[in-house]
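Colleague: for reference, the sequence and a predicted model appear below.
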Amino acid sequence: MRVEEAVLPGVGRKYTITVQSGDRIVIVVHHSGKREVQYFEAGEEDEPTMALDLTDEEARELGAILAGVLFHPEAVGDTQSKLGQKVIEWIKVLPGSKLVGKRVGELALPPGAHLLAVDRPGAPLIPNPSPDTLLETGDTLVVAGNREAVEALKRTL
């Protein structure tokens with residue numbers, strides 16, 4: 001897969017993703033949060049086969065699904081997904097954990113580690129949780145970043 005990034009002055013950024021089949025997905029991320037997604041079949045240059053506009057919230061939920069936040073197949077590995085030099089980890093808040101009762105804003109995230117979402121059993125996914133989000137037993141923290149930062153975070157939990 002090849003990813004090309006271009007700055008669109010006054011608009012945002014454009015990502016062109018070419019997959020192994022030659023098909024392309026073009027994603028324009030607007031400063032407003034809006035996303036435009038276009039799909040081009042291999043060899044098609046002018047007209048997309050499909051076009052879709054997403055709100056910021058819809059794009060984040062789609063991204064979470066694609067990243068395996070809601071379900072990560074066993075073929076990916078036990079808890080990690082490789083994104084180049086980056087990793088995504090799912091960290092379960094176990095009974096008795098020092099995380100229980102803490103707010104997201106109280107977490108000491110090492111530089112390079114980012115909390116993407118909190119997955120709470122029986123509740124909708126909490127993408128990009130606010131600092132006021134209270135952590136509960138059974139929550140799963142979805143954390144991304146460079147491997148060293150994510151490993152450092154896991155050691156502190």
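Modeller: The structure has been received and is ready for your questions.
Colleague: which residue packs closest to Ile53, ignoring adjacent ones?
Modeller: Quick fix: residue 53 reads Asp, not Ile. Glu36 (5.7 Å; Cβ to Cβ, 6 or more residues apart in numbering). Where you see a C-beta, it was placed from the backbone N, CA and C, and this is true even at glycine.
Colleague: these two touch, right, the one you found and Ile27?
Modeller: Yes - with contact defined as Cβ atoms under 8 Å, Glu36 counts as touching Ile27 (7.1 Å).
Colleague: so where's this protein shaky on pLDDT?
Modeller: Residue ranges of the chain with pLDDT under 70: 69-84.
Colleague: now do the helices in it.
Modeller: Ranges of helices in the chain, per DSSP state H, are 56-66, 147-156.
Colleague: for Val19, grab the count of nearby residues.
Modeller: 11 (other Cβ atoms under 10 Å).
Colleague: ok, it - contacts?
Modeller: Each residue near Val19 by Cβ atoms under 8 Å, 6 or more residues apart in numbering is listed here: Met1, Ile25.
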